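Q: Here's my sequence, what's the structure:
(2 chains)
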Amino acid sequence: MTIPRIVGAGLIVIGVGVGIGRIGGQAMEAIARQPEAYGKIQTAMLIVAALIEGIGFAALFATAEA
Amino acid sequence: MAKILFLLALMTSFTGFGKEANAEVAEEGKDIKTEIDAYIQHHLKDAHDFTLFSYTDGEGNKKHVGFPLPVILWDEGLHFFSSSKFHHGETLAQSGDKYYKLYHSKIYRTDAEGTINYDADHHPTNIKPLDFSMTKSVVMIIFTGLLMFWLFRSLARSYNKNDGIATGAGRFFEPVILYIRDDIARSNIGEKRYEKYMPFLLTIFFFIWFLNMFGLTPFGVNVTGNIAITTALAVLTFLITNFTGTKDYWKHLFDPLGDSMPWYGKLPLYVILIPIELLGLFIKPFSLLIRLYANMQAGHIVIMSLIGLMFIFKNWIGSPLSFGLAFAISLIEILVALLQAYIFTMLSALYFGFASEEHEHAEAH
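A: Got it, this is the predicted structure:
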């Protein structure tokens, strides 16, 4: 039972990593395009990153418990 | 590339050497792993005393350094005694004619011998008295509350004294408070209504931030990594969101399509839409509480595990490496402590904004 859990945890981390990585990358591009909107872009980026992170943690806990 | 491979080979050979040297104490090594695991598990839980550190003296006795906290139990009458009676779970505590034992940081009533009965899943079946003790978390919450009260009261007084110019700690806290007002409250809730939410937003921000920072001190407090506490915080946000909700907020919840459709068109859609909206009502605070809890819990686990790795490696390469990692993660955790407080406040403000929104442009939909 441990190996499926570890694989599942790995998959979650990959998914969350890809998600947050994309947000970060896109935010960088957006800031490069419009440096004056830096504050707003950063705020939006943090919110979306936190949403993904929340789901990722919930999934990680689901693999750890049970 | 070759250099990296060489380095890797060097490191693996060294760790291999370390293992070989410790061959005769292999059993002890396994002991250390379980001990570290137990230590981390213990740290993540609330406790009835502050333990700074523990060590084993020359005669093999385990010594704990810390201080006890009062235990308050309701078990057919009030029981009040110091947690030093438990001796960190090693002895029974007698109060009146009843005996209590600490088992995994929880208090159970036992007989005079301290027997704990287990069910099939190895859970104790002993009676658990109602526990109103001043635990570590309770002490830290009260301490943080008093600290915040004293800090911000004295800040407010110093503003009066100095004609509205920040001095001392105010120079640090003024930009933070202004940031919460202008960039969190005002921009998410709106110019007209943000003021009545400011006390809650500021309180929750500094409360979470301070407790997160205390979590990184060696006192080993894990208050925001306790799901009961994050639940309480999220319930506050939930209540404020719904009790300050305007007519438009409730209308949007139960009648999202408004007048754009006749009722017989809306009916089949609403069978699906309204349950989703109602579910969303509860998912929002739920995600708030899980995020804060999981972030702090995960941070503590990672730091403690990396510190524990130093004692597992016990060689000149692995231990400094894990020390460096623990140091770096600690620095990241300082950022995370602030970030989580910010995210919690930010999302609360966002939800308040949704709830207090008034549609002046209802026709434009």
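Q: How about the one residue in chain B that gets nearest to chain A, nearest residue that isn't a chain neighbour?
A: Using CB to the nearest CB, the closest approach of chain B to chain A is made by residue B:294 at 3.3 Å. (Glycine included, C-beta is placed from N, CA and C.) Distances taken as CB to CB, 6 or more residues apart in numbering or on different chains place residue A:57 nearest to residue B:294, at 3.3 Å, with adjacent residues excluded.
Q: likewise residue A:27?
A: Leaving aside its sequence neighbours, residue A:27 sits nearest to residue A:45 (CB to CB, 6+ apart; 4.0 Å).
Q: Tell me if the one you found really is in a helix.
A: Yes - with DSSP: H, G, I helix; E, B strand; the rest coil as the criterion, residue A:45 is located in a helix.
Q: re earlier: mind checking how far the residue of chain B closest to chain A is from residue B:346?
A: From residue B:294 across to residue B:346, the span is 17 Å (CB to CB, to the nearest Å).
Q: now swap in residue B:288 and tell me
A: Residue B:288 sits 10 Å away from residue B:346, going by CB to CB.
Q: Report the buried residues of stretch A:40-49.
A: For stretch A:40-49, the neighbour count (16 or more other CB atoms under 10 Å in any protein chain shown) marks A:41, A:43, A:45, A:46, A:47, A:48, A:49 as buried.
Q: out of everything not next to it in sequence, what's closest to the fifth one?
A: On the basis of CB to CB, 6+ apart, the spatially nearest residue to residue A:47 that is not a chain neighbour turns out to be residue B:346, at 6.4 Å.
Q: Tell me the secondary structure of that neighbour, please.
A: Secondary structure, three-state DSSP: residue B:346 is helix.
Q: Likewise for the one 5 residues further on?
A: Secondary structure, three-state DSSP: residue B:351 is helix.
Q: Quick one, grab the pLDDT at it.
A: With respect to pLDDT, residue B:351 scores 90.
Q: Could you check how many residues crowd around the closest residue to it other than its chain neighbours?
A: In space, and not counting its chain neighbours, residue B:351 is closest to residue B:241: 4.8 Å by CB to CB, 6+ apart. For residue B:241, the neighbour count with other CB atoms under 10 Å in any protein chain shown is 22.
Q: Show me how far the host helix or strand of residue B:241 is from its chain's centre.
A: Take DSSP states H and E as the rule and residue B:241 turns out to sit in helix B:227-243. Centroid displacement of helix B:227-243 relative to its chain, using CA atoms, centre = their mean, to the nearest Å, is 14 Å.
Q: Give me the buried stretch members for that helix, please.
A: Of all the residues in helix B:227-243, those buried under the rule 16+ other CB under 10 Å are B:229, B:230, B:231, B:233, B:234, B:237, B:238, B:240, B:241.
Q: Next: stretch B:134-143.
A: Applying 16+ other CB under 10 Å to stretch B:134-143 flags B:135, B:136, B:137, B:138, B:139, B:140, B:141 as buried.
Q: cool, stretch B:75-83 as well?
A: Buried residues in stretch B:75-83, counted by 16+ other CB under 10 Å: B:75, B:79, B:81, B:83.
Q: Secondary structure added to those, as JSON lines?
A: What follows is the buried residues of stretch B:75-83, written out as JSON lines (three-state DSSP):
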{"residue": "B:75", "secondary structure": "coil"}
{"residue": "B:79", "secondary structure": "strand"}
{"residue": "B:81", "secondary structure": "strand"}
{"residue": "B:83", "secondary structure": "helix"}
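Q: Residue A:25: which of those is nearest?
A: residue B:83 (51.0 Å; CB to CB).
Q: Check the gap between the closest one and residue B:71 for me.
A: Distance, residue B:83 to residue B:71, using CB to CB: 5 Å.
Q: what's the average pLDDT for whichever helix or strand comes after the helix holding residue B:241?
A: For helix B:227-243, the following helix or strand on the C-terminal side (DSSP H and E) is helix B:247-254. Mean pLDDT, computed over helix B:247-254, is 85.
Q: any idea of the pLDDT on residue B:29?
A: Value listed for residue B:29 in the pLDDT field: 54.
Q: What ranges does chain B have for its strands?
A: With strands called from DSSP state E, chain B shows them at B:49-56, B:62-68, B:70-74, B:78-82, B:93-95, B:98-103, B:106-110, B:130-131.
Q: Including mean pLDDT, could those strands go into CSV?
A: As requested, those are exported to CSV (pLDDT from 0 to 100):
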stretch, mean pLDDT
strand B:49-56, 76
strand B:62-68, 76
strand B:70-74, 82
strand B:78-82, 80
strand B:93-95, 76
strand B:98-103, 78
strand B:106-110, 79
strand B:130-131, 82
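Q: could you give the mean pLDDT of stretch B:356-365?
A: The average pLDDT for stretch B:356-365 rounds to 60.
Q: go on, stretch A:22-38?
A: Stretch A:22-38 carries an average pLDDT of 94.
Q: how about it: buried residues?
A: The neighbour-count check on stretch A:22-38 (16+ other CB under 10 Å) flags A:23, A:27, A:30, A:31 as buried.
Q: ok, so of these, who is nearest residue B:62?
A: When the buried residues of stretch A:22-38 are compared against residue B:62 (criterion: CB to CB), the nearest one is residue A:23, at 48.0 Å.
Q: got the contact list for the residue nearest to residue A:47?
A: Going by CB atoms under 8 Å, 6 or more residues apart in numbering or on different chains, residue B:346 touches A:43, A:46, A:47, B:184, B:188.
Q: Save those as TSV, and put in distance to residue B:307 and pLDDT too.
A: As requested, these are exported to TSV (distance: CB to CB, whole Å; pLDDT from 0 to 100):
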residue	distance to residue B:307	pLDDT
A:43	34	81
A:46	29	83
A:47	32	81
B:184	34	89
B:188	39	86
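Q: Select, from the residues you listed, the two members most distant in space.
A: The distance between the two most remote of the contacts of residue B:346 (CB to CB) is 12.9 Å, for A:46 and B:188.
Q: The residue of chain A found nearest chain B: how many residues sit nearby?
A: Nearest residue of chain A to chain B (CB to the nearest CB) works out as residue A:57 at 3.3 Å. Using other CB under 10 Å, residue A:57 is surrounded by 21 other residues.
Q: got it, and the one 4 residues further on?
A: Taking other CB under 10 Å as the criterion, the count of residues near residue A:61 is 16.
Q: Might you report the residue contacts of it?
A: Applying CB under 8 Å, 6+ apart to residue A:61 gives the contacts B:290, B:294.
Q: Distance check, it against residue B:156.
A: According to CB to CB, residue A:61 and residue B:156 sit 41 Å apart.
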